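Enquirer: how does the following fold in three dimensions:
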Amino acid sequence: MQPHILYINPLDEDIIFLTNINNIINSKTIQIPFLEFAENFPKILAKFVEENNIGEIWVINGPGTFTKMRVIILSINALKISFPNIILKSAHFFDLFHNNNTQPLIEVNTKEFLTNNQQNEEIFYEKNSLPDGNYQGYSTSQLQQTSTFEKFVDQWNELEKIFISKNSENFLTPLYIKPPHITHAKK
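Expert: Numbers count the residues shown, from 1 in each chain. Model (predicted):
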């Protein structure tokens with residue numbers, strides 16, 4: 001019997017949960033205010049996993065914002081300690097575009113985009129210097145008229161192709177868009 005699977009996509013403003021329970025695919029959008037995220041997400045995740053008898057968790061582990069990715073991955077790793085039989089698998093967002101005619105695009109901030117090159121390496125572009133192309137991902141900015149953009153939509157069949165080929169991991173590692181900016185007190 002196939003385990004109940006939970007897929008988590010944390011890259012959009014809201015968190016997307018997709019589940020495959022007894023071959024029935026369901027979607028749930030989780031909205032948590034930023035200031036309450038670190039406190040509430042672990043509780044929501046633990047309750048959801050327990051109530052739905054989740055046996056496998058698939059997650060996009062980045063690249064994302066420091067706080068959100070840290071909280072999500074830490075919560076999943078804590079669940080692995082509480083439920084050691086849960087299978088964990090992760091994928092970089094760009095992994096979802098290997099057989100796609102579009103390039104991934106993530107709006108980093110008001111001045112930058114993150115995408116990849118032909119070697120699948122991450123590249124930052126200032127918004128006014130993004131090359132023309134067909135992009136898919138997460139952005140609220142308008143692109144140049146010679147480019148196209150579609151918001152990324154999770155498709156279970158496509159996700160399954162990616163995650164089935166991934167190895168199980170004992171603990172996940174978050175991938176950040178940029179490292180945190182930590183300032184130290186002056187002496």
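Enquirer: partners of the most centrally placed residue in the chain in the sheet?
Expert: By Cα atoms, centre = their mean, the chain has its centre lying nearest to residue 60, at 3.3 Å. Residue 60 forms beta bridges with residue 91, as assigned by DSSP bridges.
Enquirer: these two touch, right, it and residue 91?
Expert: Yes - the criterion here is Cβ atoms under 8 Å, and residue 60 meets it with residue 91 at 6.0 Å. Placement of C-beta: from N, CA and C, glycine included.
Enquirer: before we move on, back to that, on the pLDDT front, check the residue nearest to the centre of the chain for me.
Expert: For residue 60, the pLDDT comes out at 96.
Enquirer: please report how far it lies from residue 156.
Expert: Counting by Cβ to Cβ, to the nearest Å, the separation of residue 60 from residue 156 is 14 Å.
Enquirer: domain ranges for this protein, per the record?
Expert: Following automatic domain parsing, one finds the domains of the chain at 4-94+154-164, 100-151.
Enquirer: single out the most deeply packed of the ones you listed.
Expert: Neighbour counts (mean count of other Cβ atoms under 10 Å) averaged over each of these peak at domain 4-94+154-164, with a mean of 16.
Enquirer: gap between the two ends of that one?
Expert: One end of domain 4-94+154-164 to the other measures 14 Å (Cα to Cα, to the nearest Å).
Enquirer: stretch 171-179 too?
Expert: Terminal residues of stretch 171-179 lie 20 Å apart, using Cα to Cα.
Enquirer: list the buried residues in that stretch.
Expert: 172, 174-177 (16 or more other Cβ atoms under 10 Å).
Enquirer: and the two most separated of these?
Expert: 172 and 177 (16.8 Å; Cβ to Cβ).
Enquirer: worst average pLDDT in the domains of the chain?
Expert: domain 100-151 (a mean of 87).
Enquirer: distance from the chain centre to that domain, please.
Expert: 16 Å (Cα atoms, centre = their mean, to the nearest Å).
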